[in-house]
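1. fold the following, please.
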Amino acid sequence: QVHLVESGGGLVQAGGSLRLSCAASGPIFSYNVMGWFRQAPGKEREFVGSCKWSGSSTYYADFVKGRFTVSRDNAKNTVSLQMNSLKPEDTAVYYCASGVEGRGYTYWGQGTQVTVSS
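-> Residues are numbered from 1 along each chain as shown. The predicted structure is shown next:
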């Protein structure tokens, strides 16, 4: 099984930045896509961004384009989410997930809280 652990969440003022990390272990390269999702209180979980363990393709939700960047470090088995120009509406629990392109995400981390104050 793939094991995912997120870190880097916290409290930040609007306009600030945070960098989330997701440490992956297990047969991670059997699952070629790593994604970031978030869930705010009372809302559905939503896709934030994703990347693959190989190649340079990244994908983003429209509401984070230009503000958030997904990157990976294959040597460290980590995927990061750099979040800039944070807004109060970015407040949510952020999750990383591992999956196969076209088949959805199979493994999920426990989540890390991000709170953006106005």
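2. who are the contact partners of residue 93?
-> By Cβ atoms under 8 Å, 6 or more residues apart in numbering, the contact set of residue 93 is 38, 39, 40, 111, 112, 113, 114. Yep, even glycine has a C-beta here, placed from its N, CA and C like the rest.
3. give me the buried positions along the strand or helix carrying it.
-> In the assignment (DSSP states H and E), residue 93 maps to strand 92-100. Judged by neighbour count (16 or more other Cβ atoms under 10 Å), strand 92-100 contains these buried residues: 92, 93, 94, 95, 96, 97, 98, 99.
4. name every strand pairing with it and say which way it goes.
-> strand 33-39 (antiparallel), strand 104-108 (antiparallel), strand 112-117 (antiparallel) (DSSP bridges).
5. how about the nearest residue to the residue nearest the centre of the chain, chain neighbours excluded?
-> Residue closest to the average C-alpha location in the chain (Cα atoms, centre = their mean): residue 36, at 2.7 Å. Among residues not flanking residue 36 along the chain, residue 48 sits closest, at 4.2 Å (Cβ to Cβ, 6 or more residues apart in numbering).
6. and for whichever strand or helix holds the one you found, what's in contact with it?
-> Assigned by DSSP H and E, residue 48 belongs to strand 46-52. Residues outside strand 46-52 that contact it (Cβ under 8 Å, 6+ apart): 32-39, 57-61, 64, 68-72, 79, 81, 94, 101.
7. burial of the nearest residue to residue 57 once chain neighbours are set aside, as a residue count?
-> Spatial nearest neighbour of residue 57, chain neighbours left out: residue 51 (6.8 Å); criterion: Cβ to Cβ, 6+ apart. Neighbour count of residue 51, defined by other Cβ atoms under 10 Å: 23.
8. can you give me the distance of residue 51 to residue 118?
-> Distance of residue 51 to residue 118, given as Cβ to Cβ, to the nearest Å: 30 Å.
9. how close does the residue nearest to residue 36 sit to residue 99?
-> According to Cβ to Cβ, residue 48 stands 14 Å off from residue 99.
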